[in-house]
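A.B. asks: Sequence and predicted structure, then a few things I'm wondering about:
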Amino acid sequence: MAAVRSEDLLAALERHWGSSQFRPLQREIIQAVLDRRDAAVVMPTGGGKSLCYQMPALFLEGTAVIVSPLIALMKDQVEKLNRTGIPAGALNSATPAEEQRRIVDRLRQGKLRLLYVAPERLARPDTAEMLQRAGICYYAIDEAHCISEWGHEFRPEYRRLHELREWHPEAPLLALTASATRRVRHDILVQLRMRDPAKFIRSFERPSLRYLAQKTGEEEQWRLLRAAIAAHEGHSIIVYASTVALVEETAARLKRAGVAAVAYHAQMPAEPRRAAQEQWMAGQRPVLVGTIAFGMGIDKPDVRAVIHLTLPKSLEQYYQEAGRAGRDGLPSDCLLAWQARDIGVIAYFLKQIADETERRRAWKRFHDLRQYADSALCRHIVICRHFGERVVSRICGMCDVCGPLPEWYERCLRPAERKPVGGGERRRAAVETPAGGGERQRAAVEMPAGGGERGRAAVETPDRPAVARAAPPGQVEELFERLRAWRLAVAREAKLPAYVIFQDSVLREIAAARPASLPALAAIRGLGPARLERYGAQVLGLVAAARPAPPGS
């Protein structure tokens, strides 16, 4: 195969994904697959993993097989790929029989670029035979942490994935995950029998996310929930609760309070559950209250807040769920508002685990989560160190330990528990840890005077995008809201999620730049030729109709 030029990759990125530049590490990962190397990728939620396993299929001969446990993700990505002219299909328990036959025929004829397959499907003899006879250019294993018994979502069916190497010895393996500790990362390499893999690890820090954690009583939790929703009114929000009863109770209470909320959990019939997800994706019901059954495989970039009303079982789970906020890189809030009763509930379920080794692992994972919830050290640092990333202490400015606190959050805390603006007391706690404080004491030693290392953490792969913290000027915000209202109307008519039309980040750039021509509009990042042709005239009309910015602004 002839070498793929950099300009060819950029042209494909623009044509099919509507972007003009790669995110950190994406180009390098794609190049490793094109060079037919095994590769292991650890990239945070929202970091752009899907592009890494999709784009190489455009340039290699044969079909790329994507192994994923997430049916919702398969459906979403197959639809997107086919809309952009990339032939793709999926084989899983939700695929109708007639559609399965059509997909298998297209695979045999070499007419598929990408085939998504559930790991359970790979265990079937007919699937193994089908793939061994097909021309496969590479295998990509998404959610690769599921292969490790040390991972928080271990799935036994993942243990057989090493057989892929036997089926196509020359096809490279690409393993991807967003939440793997150092131990799990090593286990992935061993279990998949990877050969001298290229390793790509992006920082686990999400600088645009503001982490807030607070032990609450029942009424205080409700006040925090209502205040957070009000502070992000008109934007997409996810509220997580651990039980079906709490999900339904919270959704009903929010509706009575006038909030457009919808419930989602695995015990709902399939059709209402699908409708709830579609209403939330389209922005018709901006607040979704769900169990952990919601979110896996959902790629919605403009979620402005993720709120947990109960303690998750692990820090990996929390990082993954909270990371569904702010995938577009804009500032977003992640609130963990928990109650003391959560500890007893989780302890009860952990004691039910029959296997003693797995029970110990589960307790260790929960203990790490409790350390995060109770920490007097920067929450970004606690997360990064949990995943084995080397960071030095500093004031991040984007958590309730480092401050500043959002006004809605501080206002809701009872006076006896209220933290000072700027997080002063908790910030000093990170420095004044008593002897024997272990990690916290060492963090105090690493912190430079005056927080001089702010924003310069020592990480394996630097990834510190600048985040605008200041609120946009009033006129920009006014045009942005007009554009959002137009986008929602277009999405409803097309029966598509609003973000598929334009992401919030694109609309904000348009509102700030106020382009007056198609060439000026084309300069906005994230606008491909198809979107320009379809929506360009409408967008320019909205910009022209908006009140002009004053001279010199």
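C.D. replies: Okay, I see it.
A.B. asks: okay but Ser203 is in contact with Cys384, surely?
C.D. replies: Yes. Using CB atoms under 8 Å, Ser203 is in contact with Cys384, at 7.0 Å. Where C-beta positions appear, they are placed from N, C-alpha and C, glycine not excepted.
A.B. asks: between these two, who's got more neighbours?
C.D. replies: Ser203 (23 against 19; other CB atoms under 10 Å).
A.B. asks: Is it correct that the more buried one falls within a strand?
C.D. replies: No. With DSSP: H, G, I helix; E, B strand; the rest coil as the criterion, Ser203 is coil rather than part of a strand.
A.B. asks: Adjust the sequence numbering to begin at 412 for everything that follows.
C.D. replies: In the new numbering, first residue 412, that becomes Ser614.
A.B. asks: Look up how far Cys745 lies from it.
C.D. replies: Using CB to CB, to the nearest Å, Ser614 is found at 17 Å from Cys745.
A.B. asks: Equivalent analysis for Ala443, please.
C.D. replies: Remark: distance between Ala443 and Cys745 (CB to CB) = 32 Å.
A.B. asks: who's more crowded, those two?
C.D. replies: Using other CB under 10 Å as the criterion, Ala443 and Cys745 rank with Cys745 on top: 26 against 22.
A.B. asks: Contacts only, for that one.
C.D. replies: Contact analysis of Cys745 by CB atoms under 8 Å, 6 or more residues apart in numbering lists Leu620, Arg621, Tyr622, Leu623, Ala716, Val717, Ile718, Ala733, Ala736.
A.B. asks: now do Arg517
C.D. replies: Going by CB under 8 Å, 6+ apart, the list of residues near Arg517 reads Pro498, Gly500, Leu523.
A.B. asks: Any idea how many residues pack against the nearest residue to Thr495 once chain neighbours are set aside?
C.D. replies: Distances taken as CB to CB, 6 or more residues apart in numbering put His427 closest to Thr495, at 4.5 Å, once the chain neighbours are dropped. Per other CB under 10 Å, the neighbour tally for His427 reads 20.
A.B. asks: so His427 sits right up against Arg494, yeah?
C.D. replies: No. Counting by CB under 8 Å, Arg494 is not a contact partner of His427; they are 9.6 Å apart.
A.B. asks: and the chain, what are its domains?
C.D. replies: Following automatic domain parsing, the chain resolves into domains at 417-612, 885-956.
A.B. asks: any idea which of these is most buried?
C.D. replies: Sort those by mean neighbour count, taking mean count of other CB atoms under 10 Å, and domain 417-612 sits at the top with a mean of 19.
A.B. asks: Would you mind putting the CA coordinates of stretch 714-731 into PDB?
C.D. replies: What follows is stretch 714-731, C-alpha atoms only, in PDB (Å, rounded to 0.1, in the frame of the first residue of the first chain):
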ATOM      1  CA  VAL A 714     -23.900  18.100  27.800                       C
ATOM      2  CA  ARG A 715     -23.300  21.000  30.200                       C
ATOM      3  CA  ALA A 716     -23.700  19.100  33.600                       C
ATOM      4  CA  VAL A 717     -23.600  15.600  34.900                       C
ATOM      5  CA  ILE A 718     -25.100  15.200  38.400                       C
ATOM      6  CA  HIS A 719     -24.700  12.100  40.600                       C
ATOM      7  CA  LEU A 720     -27.200  11.700  43.400                       C
ATOM      8  CA  THR A 721     -25.600   8.500  44.700                       C
ATOM      9  CA  LEU A 722     -22.000   7.300  45.100                       C
ATOM     10  CA  PRO A 723     -20.800   5.200  42.100                       C
ATOM     11  CA  LYS A 724     -19.100   1.900  42.800                       C
ATOM     12  CA  SER A 725     -15.700   3.000  41.500                       C
ATOM     13  CA  LEU A 726     -13.700   6.000  40.500                       C
ATOM     14  CA  GLU A 727     -13.400   4.500  37.000                       C
ATOM     15  CA  GLN A 728     -17.200   4.400  36.800                       C
ATOM     16  CA  TYR A 729     -17.500   8.000  38.000                       C
ATOM     17  CA  TYR A 730     -14.800   9.300  35.700                       C
ATOM     18  CA  GLN A 731     -16.500   7.600  32.700                       C
END
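A.B. asks: quick revisit: quick one, which of the domains of the chain is nearest to Lys775?
C.D. replies: Across the domains of the chain, Lys775 has its closest neighbour in domain 417-612 (9.6 Å, CB to CB).
A.B. asks: start to end distance for that closest one?
C.D. replies: 22 Å (CA to CA, to the nearest Å).
A.B. asks: Centre of the chain to that domain, how far?
C.D. replies: In this view, domain 417-612 has its centroid 17 Å away from the chain centroid, taken as CA atoms, centre = their mean, to the nearest Å.
A.B. asks: what sits up against the longest helix that the chain contains?
C.D. replies: Counting residues, the longest helix found in the chain (DSSP state H) is helix 885-905. Contacts with helix 885-905, where a contact means CB under 8 Å, 6+ apart, come from 645, 693-695, 882-883, 908-909, 911-913, 915, 918-919, 921-923, 925, 946, 949-950, 953-954, 957-958, 960, 964.
A.B. asks: that older thread, spell out which residues sit in contact with the residue nearest to Thr495, please.
C.D. replies: Residues in contact with His427 (CB under 8 Å, 6+ apart) are Leu469, Thr495, Gly496, Ile497, Gly939.
A.B. asks: Leu603: which of those is nearest?
C.D. replies: Distance ranking of the contacts of His427 against Leu603, using CB to CB, places Leu469 first at 24.2 Å.
A.B. asks: my guess is that closest one meets Ile497, correct?
C.D. replies: Yes. The criterion here is CB under 8 Å, and Leu469 meets it with Ile497 at 6.9 Å.
A.B. asks: which residues do these two both contact?
C.D. replies: His427, Arg524.
A.B. asks: ok, back up a step: just the contacts of Arg517: which are in helices?
C.D. replies: Going by DSSP H, the helices hold none of those.
A.B. asks: Go through those residues and name the one nearest Arg544.
C.D. replies: For these, the nearest to Arg544 is Leu523 (13.8 Å; CB to CB).
A.B. asks: close enough to count as contact, that closest one and Leu502?
C.D. replies: No. Using CB under 8 Å, Leu523 makes no contact with Leu502, being 10.7 Å away.
A.B. asks: Identify the contacts common to the two.
C.D. replies: With CB under 8 Å, 6+ apart as the test, Leu523 and Leu502 both reach Ile514.
A.B. asks: residue ranges of the strands in this structure, please?
C.D. replies: Using DSSP state E, the strands found in the chain span residues 450-453, 474-478, 499-502, 525-528, 547-552, 584-588, 609-612, 620-626, 647-651, 672-675, 698-701, 714-719, 743-749.
A.B. asks: Any chance of the ones you listed in CSV with mean pLDDT as columns?
C.D. replies: Formatted as CSV, the strands of the chain follow (pLDDT from 0 to 100):
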stretch, mean pLDDT
strand 450-453, 96
strand 474-478, 96
strand 499-502, 94
strand 525-528, 96
strand 547-552, 96
strand 584-588, 95
strand 609-612, 94
strand 620-626, 96
strand 647-651, 96
strand 672-675, 94
strand 698-701, 96
strand 714-719, 96
strand 743-749, 96
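A.B. asks: Quick check: which of those is nearest to Gln432?
C.D. replies: Gln432 sits nearest to strand 609-612 of all the strands of the chain, at 17.6 Å, using CB to CB.
A.B. asks: Need the residues that contact the closest one.
C.D. replies: For strand 609-612, the external contacting residues (CB under 8 Å, 6+ apart) are 436, 439-440, 443, 448-454, 596, 800, 871-872.
A.B. asks: swap in stretch 768-784?
C.D. replies: With contact meaning CB under 8 Å, 6+ apart, stretch 768-784 is reached by 560-561, 563, 624, 626, 722-729, 747, 749, 754, 757, 761-762, 764, 790, 793-794, 797.
A.B. asks: what's the answer for stretch 529-541, then?
C.D. replies: So stretch 529-541 is contacted by 478-480, 482, 485, 502-504, 515, 518-519, 528, 542, 557, 566, 568-569, 571-572, 574-575, 578 (CB under 8 Å, 6+ apart).
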